[in-house]
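Q: got a predicted model here, sequence first, then my questions.
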Amino acid sequence: QIAVGIQKELDFAGWYTNVLIKSDMLDYYSVSGCYILKPWSYSVWEAIQAWFDARIKEMGVENAYFPLFVSAKVLEKEKDHVEGFAPEVAWVTRAGNTELEEPIAIRPTSETVMYPYYAKWIQSHRDLPLRLNQWNSVVRWEFKNPQPFLRTREFLWQEGHTAHLTKEGAGEEVLQILDLYRRVYEELLAVPVIPGIKSEKEKFAGGLYTTTIEGFIPTTGRGIQAGTSHCLGQNFSKMFNIVVEDPNAGTGENASKIFVWQNSWGLSTRTIGVMVMVHGDNKGLVLPPRVASIQVVIVPCGVTAKTSDDLRKRIPDECDALAKKLKKAGIKARADLREGYTPGYKFNDWELKGVPIRLEIGPADLEKDQTLSVRRDTGEKAPIKMATVVEDVGKLLETIQSDMFQKAKATYESRIKIVYDWKDFVPTLDNKCVVIMPWCEVEACEDDIKERSGRLALGEQVDERAPSAGAKSLAFPLDQSKYPKIEPGKTKCPACGSDAKRWMLFGRSY
Ligand SMILES: O=C1CCCN[C@@H]1CCCn1cnc2ccccc2c1=O
């Protein structure tokens, strides 16, 4: 198979699909909107799971498992949080030839599955904080074009659901989790994200506020919601009657009840799609070393018909020995000793799969007691002395991880443009950038901005590939100090002229 076969900059959707198939990350499935995660992508999810699971357990979160099914009565318990999502809920209505008495929904998320039992289990403030997490899959029967990892009808995620005595206790955890999400992207996937707070319009309607990490796909200039950590306030505890006695109130007739304060937070296999889109190139995947199931591939070279029998044996043996030596040091190395494939074919194969480092060993390398290293991210070649190969390869993997992150961070930052004047807003989006602007926070203004920045508004013909949607508000960056001070009463919102309050990121998005 040749490389990707489609240029990333020319046909991004086609490139993305080809990379996923040719790197053997996934296969298509007979039910539309569903995909098979093959080991090459599932191992990335496992690396994310291992890292995140260890850290939430340090926080005192415990894993549990709740049923996949939720009854209509229970699901519709909280009208306004479900009504907007109702079209996406998948229902079981029949088993065999038997119609079910009442249809049973497949969980699209587990608030309504879990919270009746939170009400049952939480009796005293001593039962708080209750912190449970599920590693599971959910189903949302979306009708918009499916995209592997980014928008699928079933996806794997974790969903954390916690209950606290105070708003402050809940609020502290919301931000702790959001920072773990940031680290999953920045430290494991080498993908920069901006932590922030969603606007009232964009937040989870069933909650009090939503914090988010916003990613960016340079090829399309679109933002992407990369993870969310919601404070639900007391909305769900009032609905499901999850109450404890107030430890600070008296007893008897002075006793008083407190509705618990809740959070819910989720990170999904969308992480993998973002990683592919940000780092991939026209030769295929580029895997960050921290999540690569093979970090180093070792290829025997220079073995031809003319090669002496001695070398023909020694070269593959050297490759195998080097792989073993690196594995012993904790580096995920693999010697590719497949017969019948040329080195060139193997180079192409492993480049497609995005393996961070290739080490070549040929007759000349044996002579000099070295191996030739080739970086997947930059293509840079450098000989490495066998004497220090373990240490040098370890360092090179760290350098690749950090260089990939720095490069993606510089790109993202170069695409965030401050806008003070509306005339610059749409041109900035059309330049594949996102806008940061001093914003009034008025919802009508937000709707207006979406309208005025949609391609339809510009009278242009909308083709299904061009982002026809207008700009949404993405997040109020948590770190407002990075941008010039907003003078209360003086700095105006570029879209409507009213007083600006905080800096808001706007962009076309997934
Ligand atoms: O994001 C998260 C993080 C994990 C736990 N759940 C929250 C909020 C989910 C919001 N949501 C999203 N799609 C839905 C689809 C159908 C029914 C309900 C919903 C729904 O409540």
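A: Okay, I see it. Numbering: from 1, shown residues only.
Q: confidence score at residue 488?
A: pLDDT for residue 488: 91.
Q: in space, what's closest to residue 146 - neighbours in sequence excluded?
A: Closest residue to residue 146 apart from its sequence neighbours, by Cβ to Cβ, 6 or more residues apart in numbering: residue 33 at 3.9 Å. C-beta coordinates here come from the backbone N, C-alpha and C atoms, glycine included.
Q: residues near the one you found, how many?
A: For residue 33, the count of nearby residues is 20 (other Cβ atoms under 10 Å).
Q: contacting residues around it?
A: By Cβ atoms under 8 Å, 6 or more residues apart in numbering, residue 33 lies in contact with 141-142, 146, 151-154.
Q: tell me where this protein has helices.
A: With DSSP state H as the criterion, the chain has helices at 12-22, 39-58, 72-75, 79-83, 111-121, 167-183, 235-240, 270-279, 309-328, 343-352, 363-368, 389-414, 425-430, 443-452.
Q: make a markdown table from those helices and add mean neighbour count and mean pLDDT to it.
A: A markdown table is the format used below for those (neighbours: other Cβ atoms under 10 Å; pLDDT from 0 to 100):
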| stretch | mean neighbour count | mean pLDDT |
| --- | --- | --- |
| helix 12-22 | 19 | 97 |
| helix 39-58 | 17 | 98 |
| helix 72-75 | 15 | 91 |
| helix 79-83 | 14 | 73 |
| helix 111-121 | 20 | 97 |
| helix 167-183 | 18 | 98 |
| helix 235-240 | 21 | 96 |
| helix 270-279 | 25 | 98 |
| helix 309-328 | 16 | 96 |
| helix 343-352 | 18 | 97 |
| helix 363-368 | 14 | 95 |
| helix 389-414 | 17 | 98 |
| helix 425-430 | 19 | 96 |
| helix 443-452 | 16 | 96 |
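Q: okay, those in JSON lines with distance to the ligand next?
A: Output for the helices of the chain, formatted as JSON lines (distance: least, Cβ to the nearest ligand atom, whole Å):
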{"stretch": "helix 12-22", "distance to the ligand": "24"}
{"stretch": "helix 39-58", "distance to the ligand": "13"}
{"stretch": "helix 72-75", "distance to the ligand": "7"}
{"stretch": "helix 79-83", "distance to the ligand": "5"}
{"stretch": "helix 111-121", "distance to the ligand": "6"}
{"stretch": "helix 167-183", "distance to the ligand": "10"}
{"stretch": "helix 235-240", "distance to the ligand": "10"}
{"stretch": "helix 270-279", "distance to the ligand": "11"}
{"stretch": "helix 309-328", "distance to the ligand": "37"}
{"stretch": "helix 343-352", "distance to the ligand": "34"}
{"stretch": "helix 363-368", "distance to the ligand": "51"}
{"stretch": "helix 389-414", "distance to the ligand": "23"}
{"stretch": "helix 425-430", "distance to the ligand": "26"}
{"stretch": "helix 443-452", "distance to the ligand": "19"}
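Q: returning to that earlier point: switch the contacts of residue 33 over to CSV; also include neighbour count.
A: Below are the contacts of residue 33 laid out as CSV (neighbours: other Cβ atoms under 10 Å):
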residue, neighbour count
141, 14
142, 13
146, 14
151, 16
152, 25
153, 19
154, 17
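Q: filter the residues you listed down to just the ones in strands.
A: The strands, defined by DSSP state E, take in residue 154 from the contacts of residue 33.
Q: I'd like the contacts of residue 33 as a markdown table, with pLDDT and distance to the ligand appended.
A: Shown next, in a markdown table, are those (pLDDT from 0 to 100; distance: Cβ to the nearest ligand atom, whole Å):
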| residue | pLDDT | distance to the ligand |
| --- | --- | --- |
| 141 | 97 | 9 |
| 142 | 93 | 9 |
| 146 | 95 | 15 |
| 151 | 96 | 12 |
| 152 | 98 | 13 |
| 153 | 98 | 11 |
| 154 | 98 | 13 |
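Q: among the contacts of residue 33, which one sits closest to residue 338?
A: Ranked by distance to residue 338 (Cβ to Cβ), these are led by residue 152 at 32.9 Å.
Q: now do the same contact list for the closest one.
A: Residue 152 touches 33-35, 146, 269, counting by Cβ under 8 Å, 6+ apart.
Q: got it, and residue 360?
A: 298-299, 301, 343, 371-372, 374.
Q: can you get me a residue count around residue 471?
A: Other residues within reach of residue 471, judged by other Cβ under 10 Å, total 26.
Q: against residue 450, how distant is it?
A: 6 Å (Cβ to Cβ, to the nearest Å).
Q: leaving out chain neighbours, which residue sits closest to the closest residue to the ligand within the stretch 101-250 of the chain?
A: Closest residue of the stretch 101-250 of the chain to the ligand, Cβ to the nearest ligand atom: residue 108 (3.3 Å). Nearest non-adjacent residue to residue 108, counting by Cβ to Cβ, 6+ apart: residue 140, 4.9 Å away.
Q: okay, the one you found: pLDDT?
A: In this model, residue 140 carries a pLDDT of 98.
Q: what sits against it?
A: Residue 140 makes contacts with 85, 88-90, 108, 153, 155, as judged by Cβ under 8 Å, 6+ apart.
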